[in-house]
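Asks: no sequence for this one, just the structure:
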């Protein structure tokens with residue numbers, strides 16, 4: 001083999017070594033960086049998909065927040081944070097005006113810890129009562145059993161006994177009683193009597209109503 005050929009073989013070997021070294025120390029790391037970048041991009045896109053799903057879920061919850069707030073406002077009218085008796089009397093006046101009766105008396109007793117009311121399923125008593133209607137909260141063996149949630153306790157849910165007197169025709173008084181059941185403020189009627197018409201006003205009776213209104217204190 002001539003010297004020229006040896007130089008040619010040597011040159012080829014040098015070129016191969018240079019190309020191999022260039023690939024090893026230059027191109028290969030760049031390819032690995034590119035592969036790592038692609039993997040990072042894929043992971044980022046997948047994470048973005050997760051964030052978009054979470055954002056969509058939060059948006060749906062936010063869209064329904066106004067409805068929940070409206071429902072809470074209605075519930076707070078039924079069971080306010082305080083006794084709010086002046087507001088309740090205003091509601092009674094509105095019911096009385098709507099049913100053509102006259103509100104003649106309203107009184108309340110001290111608030112008591114909540115205890116479940118056992119409803120009286122008997123027919124309304126239309127006779128003259130022997131005594132003033134009982135306005136105490138009936139005792140119960142297990143008050144917690146009637147609580148709709150463990151968050152509602154005797155510490156934050158209280159009952160305010162009230163008595164109401166109205167005058168009007170028997171039908172009107174009964175309509176007023178029905179209005180109490182369907183009014184804004186939640187009220188449990190514990191006793192009712194209408195008495196008998198007087199000789200002077202035969203078409204008028206006095207309805208004596210005892211019941212309970214409730215307060216849910218605003219606790220954290």
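Replies: Okay, I see it. Every value quoted in this text rests on a predicted model; they were computed, and no experiment measured them.
Asks: quick one: buried residues of stretch 160-177?
Replies: Neighbour counts using 16 or more other C-beta atoms under 10 Å place 160-170, 172-177 of stretch 160-177 among the buried residues. Every C-beta, even on glycine, is put in place using the N, C-alpha and C of the backbone.
Asks: surely residue 190 is within a helix?
Replies: No: assignment of residue 190 by DSSP: H, G, I helix; E, B strand; the rest coil gives strand, placing it outside any helix.
Asks: which helix is the longest one in the protein?
Replies: helix 28-78 (DSSP state H).
Asks: what is the next helix-or-strand element following that helix packed up against?
Replies: For helix 28-78, the following helix or strand on the C-terminal side (DSSP states H and E) is helix 85-99. Contacts defined by 3 or more C-beta pairs under 8 Å, 6 or more residues apart in numbering; DSSP states H and E place helix 85-99 against strand 102-108, strand 157-168, helix 170-181.
Asks: now do helix 85-99 against strand 102-108: the angle between them, please.
Replies: Between helix 85-99 and strand 102-108, the angle comes out at 160 degrees (axes from the mean of the first three to the mean of the last three C-alpha atoms, to 10 degrees).
Asks: contacts for helix 85-99?
Replies: 80, 102-103, 106, 108, 160, 162, 164, 166, 168, 172-173, 175-176, 179-180, 183-185, 213 (C-beta atoms under 8 Å, 6 or more residues apart in numbering).
Asks: pull the helix or strand with minimum mean pLDDT from this structure.
Replies: Among the helices and strands of the chain, helix 3-22 carries the lowest confidence by mean pLDDT, DSSP states H and E, at a mean of 60.
Asks: pop the domain breakdown of the chain in here.
Replies: With domains defined by automatic domain parsing, the chain comprises 1-78, 85-216.
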